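**Q** this is a predicted model, with the sequence first.
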Amino acid sequence: MTSAGVAEYNVLYGASVKAIDEAAIRAGTPSEELMESAGAGAAAWIIEHRAAARVVVLAGPGGNGGDALVVARHLHGAGYDVRSFVVGGIDRLRGSSRAVLRKWTAAGGHVQSLDEGGLGLLESEIREAELVVDGLFGIGVTRPLEGPFLDVVNLVNAATVHTVALDLPSGVPADTGTLLGESIRADATLAMAFLKPAHLLFPARGRCGDIVVTPVAYPADLAREIVPWARVVTPWGVRRRLPERRPDGHKGTFGRVLVVAGSCGMTGAAILCCRGALRSGAGLVSLAGPASLHPIFEASLPEVLTHPLPDCNGRLTAESADALMPLLQQADVVILGPGLSRGEEIGTVVERAVDRYAGPMVLDADALNALAGRKHLLVSLRGRAVLTPHPGEHARLSGGAGPDRLQLVSEAQAFAAQHGVVLVLKGRPTAIGHPTGDIYLNPTGNTGLATGGSGDVLAGMVGGLAAGGASLEDAAIAAVYIHGHAADVYARDRAPRAMIPSDLIDLLPSVFREIERWT
């Protein structure tokens, strides 16, 4: 989902896209012109990225089929051998789709009508093809495919040919991550102008393959008025959110992070968090943790200042809260929670830290569990906190437990706006809710992140970027994207199942460099 000069993409429900189409037509852009623009944009991407001598184009009876016929014409003009099929029958084409069909046949296009029969011919053509373009259905799917459409989808899925879907894989509903039945299993999906929820939410996301946003020539003033359901940041957008590194800067310039973390059996959480903050550019990182674990922290973190706090059996006590106060006053950002463990005394430490420190905070793991029992603290966190729950922590904190990811994202959006915090709801996709009510869905990451400790690295990264000068919103968006992208870089030539959080940290220098070079 990348494009030079595009900082973020809008995510719209299908009904919103249809409303924009209608508004554009009312404003004077003919429907056929929009269709020509959508098809030309998709074809341009295919020509640049998919070399294929022979192509099968599948068109349905609606607007997506018209887009497909425009693609067929452009590919033919670029020298591809194109065979197109109108599934459901040519007689069902109407309006602009009928007009672009005439243009395609006038250009010498090979068109076959396929309704109840003709699968044998299609199967033969697919066997000879190097690419299939799926334009059967777009955003209008509301029920399972059946009849010749289902037959064609099953035929394509059974083949080994590379498949590119226009807007959405046929059979995938636009507005949720659910699946209604069988659908095209695409290798790439060209989202036209806007992303839709299905491009981000599983299991529908798994049918899309690689996702690319291609242009449609909507009027510029209309595009500026769009209010999206969500947004997705691009690498260029992440680059813009990274705090600048002054050439004459020093460790004070780049921020002081205090990490309050760790307990017996969970020293790794504190260590990973500190390393995540260091690798994200923090000028100085300090760790306040149980005194009895101090030798472990000192041996593992030579770059970190360690501050032993009163403990009992490797867990902070209520007395730790008083010892923590002077350290809080020296910090630019405080990260609270990784590996602290649970209990009343831990809750006291969390409560006093939140009450007495007025600066920006990142609350993770056990700090969130403590916060769930002390929700009055949310008032003092308004405007200065990033919360990073996984779904279980989110349920304890908010009382919400949506039945699917779409509902969870909506709950995160509402919680962030209600309490004036940045909420990072971890998962696929991770959702970042802003106090303004905006929500960002992160496009990066894979199953390699589904292991203990990766969230501790993320908390450290958020704190490190915030200490360096990023706003809490920007720090959260950039950290989540880069954290996931590091996992994707790892997976380029290694199995995600083998990845451990330390691998993420080791990849951060090269991943940050890649993002910094994005223009």
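**A** Yep, that arrived.

**Q** what mean pLDDT does stretch 229-247 have?
**A** Mean per-residue pLDDT for stretch 229-247: 96.

**Q** that stretch: how far from the chain's middle?
**A** Between the centre of stretch 229-247 and the centre of its chain there are 14 Å (C-alpha atoms, centre = their mean, to the nearest Å).

**Q** again, but for stretch 291-298
**A** The answer for stretch 291-298 is 37 Å, by C-alpha atoms, centre = their mean.

**Q** now that stretch: buried residues?
**A** Residues 291-294, 296-297 are the ones in stretch 291-298 that count as buried (16 or more other C-beta atoms under 10 Å). For every residue, glycine as well, the C-beta is placed using N, CA and C.

**Q** Serialize the residues you listed to CSV and add fields for secondary structure, pLDDT and distance to G249.
**A** Output for the buried residues of stretch 291-298, formatted as CSV (DSSP: H, G, I helix; E, B strand; the rest coil; pLDDT from 0 to 100; distance: C-beta to C-beta, whole Å):
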residue, secondary structure, pLDDT, distance to G249
A291, helix, 97, 33
S292, helix, 97, 36
L293, helix, 98, 32
H294, helix, 96, 30
I296, helix, 97, 31
F297, helix, 98, 27
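
**Q** looking at the residues you listed, which is nearest S37?
**A** Comparing these against S37 with C-beta to C-beta places F297 closest, at 58.6 Å.

**Q** wait, doesn't the closest one sit right on A288?
**A** No: applying C-beta atoms under 8 Å, one finds F297 not in contact with A288, separated by 9.7 Å.

**Q** mutual contacts of these two, please.
**A** Residues touching both F297 and A288 (C-beta atoms under 8 Å, 6 or more residues apart in numbering): T306.

**Q** and the gap between L504 and R497?
**A** 14 Å (C-beta to C-beta, to the nearest Å).

**Q** looking at the two, which is more packed in?
**A** L504 (30 against 11; other C-beta atoms under 10 Å).

**Q** not counting its neighbours along the chain, what's nearest that one?
**A** A486 (4.8 Å; C-beta to C-beta, 6 or more residues apart in numbering).

**Q** wasn't the one you found part of a helix?
**A** Yes: assessed by DSSP: H, G, I helix; E, B strand; the rest coil, A486 belongs to a helix.

**Q** how many other residues sit next to it?
**A** Using other C-beta under 10 Å, A486 has 29 neighbouring residues.

**Q** got it, and L305?
**A** L305: 16 neighbours (other C-beta under 10 Å).

**Q** also S97?
**A** 26.

**Q** how close does it get to D91?
**A** Distance from S97 to D91, by C-beta to C-beta: 12 Å.

**Q** cool, and T444?
**A** 45 Å.

**Q** and these two? Which one has more around it.
**A** Neighbour count, other C-beta under 10 Å: between T444 and D91, T444 has more, with 21 against 11.

**Q** okay, now the residue nearest to C264 when sequence neighbours are not counted: neighbour count?
**A** Spatial nearest neighbour of C264, excluding adjacent residues (C-beta to C-beta, 6+ apart): G314 at 2.6 Å. Neighbours of G314 under the rule other C-beta under 10 Å: 18.

**Q** if I pick G314, what's in contact with it?
**A** Contacts of G314 (C-beta under 8 Å, 6+ apart): 263-265, 290, 292-293.

**Q** which residues touch stretch 211-221?
**A** 1, 3, 6, 9, 20, 24, 27-29, 33-34, 37-38, 41-42, 44-45, 188-195, 199, 443.

**Q** what about the strands in the stretch 151-300 of the chain?
**A** For the stretch 151-300 of the chain, strands defined by DSSP state E, counting those that start in this stretch occupy the ranges 162-166, 188-192, 210-214, 230-233, 256-260, 284-290.

**Q** of all the ones you listed, which one comes closest to A204?
**A** strand 188-192 (10.3 Å).

**Q** correct me, but L423 touches L387?
**A** Yes: L423 is within contact range of L387, at 5.2 Å (criterion: C-beta under 8 Å).

**Q** now the helices for the stretch 51-200 of the chain?
**A** Ranges of helices in the stretch 51-200 of the chain, per DSSP state H, counting those that start in this stretch, are 63-77, 95-106, 119-128, 147-158.

**Q** picking up where we left off before, which residues does the residue nearest to L504 contact?
**A** The contact partners of A486, taken as C-beta under 8 Å, 6+ apart, are 504, 507-508, 511.

**Q** tell me the spacing between it and S502.
**A** As defined by C-beta to C-beta, A486 lies at a distance of 11 Å from S502.

**Q** what's the average pLDDT for stretch 472-489?
**A** 98.

**Q** about what we covered before: most tightly surrounded among the strands of the stretch 151-300 of the chain?
**A** Most buried of these, by mean neighbour count (mean count of other C-beta atoms under 10 Å): strand 256-260, with a mean of 29.

**Q** parallel or antiparallel, list what pairs with it.
**A** strand 284-290 (parallel), strand 333-336 (parallel) (DSSP bridges).

**Q** any idea which of these gets closest to A174?
**A** strand 333-336 (38.3 Å).

**Q** next SSE downstream of that closest one?
**A** helix 344-356 (DSSP states H and E).

**Q** helices or strands up against the next helix or strand after that following helix?
**A** Per DSSP H and E, the first helix or strand lying C-terminal to helix 344-356 is strand 361-363. Judged by 3 or more C-beta pairs under 8 Å, 6 or more residues apart in numbering; DSSP states H and E, strand 361-363 is in contact with strand 333-336, strand 385-387, helix 454-467.

**Q** just the C-alphas of the last one, formatted as PDB.
**A** This file holds the C-alpha atoms of helix 454-467, laid out as PDB (Å, rounded to 0.1, in the frame of the first residue of the first chain):
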ATOM      1  CA  SER A 454       7.000  -8.200  20.900                       C
ATOM      2  CA  GLY A 455       4.600  -5.800  22.700                       C
ATOM      3  CA  ASP A 456       7.300  -4.800  25.200                       C
ATOM      4  CA  VAL A 457       9.500  -3.800  22.200                       C
ATOM      5  CA  LEU A 458       6.600  -1.800  20.800                       C
ATOM      6  CA  ALA A 459       6.000   0.100  24.100                       C
ATOM      7  CA  GLY A 460       9.700   1.000  24.100                       C
ATOM      8  CA  MET A 461       9.600   2.200  20.600                       C
ATOM      9  CA  VAL A 462       6.600   4.500  21.200                       C
ATOM     10  CA  GLY A 463       8.300   6.000  24.200                       C
ATOM     11  CA  GLY A 464      11.600   6.400  22.400                       C
ATOM     12  CA  LEU A 465      10.000   8.300  19.500                       C
ATOM     13  CA  ALA A 466       7.900  10.500  21.800                       C
ATOM     14  CA  ALA A 467      11.000  11.400  23.800                       C
END
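
**Q** alright, that wraps it up for me.
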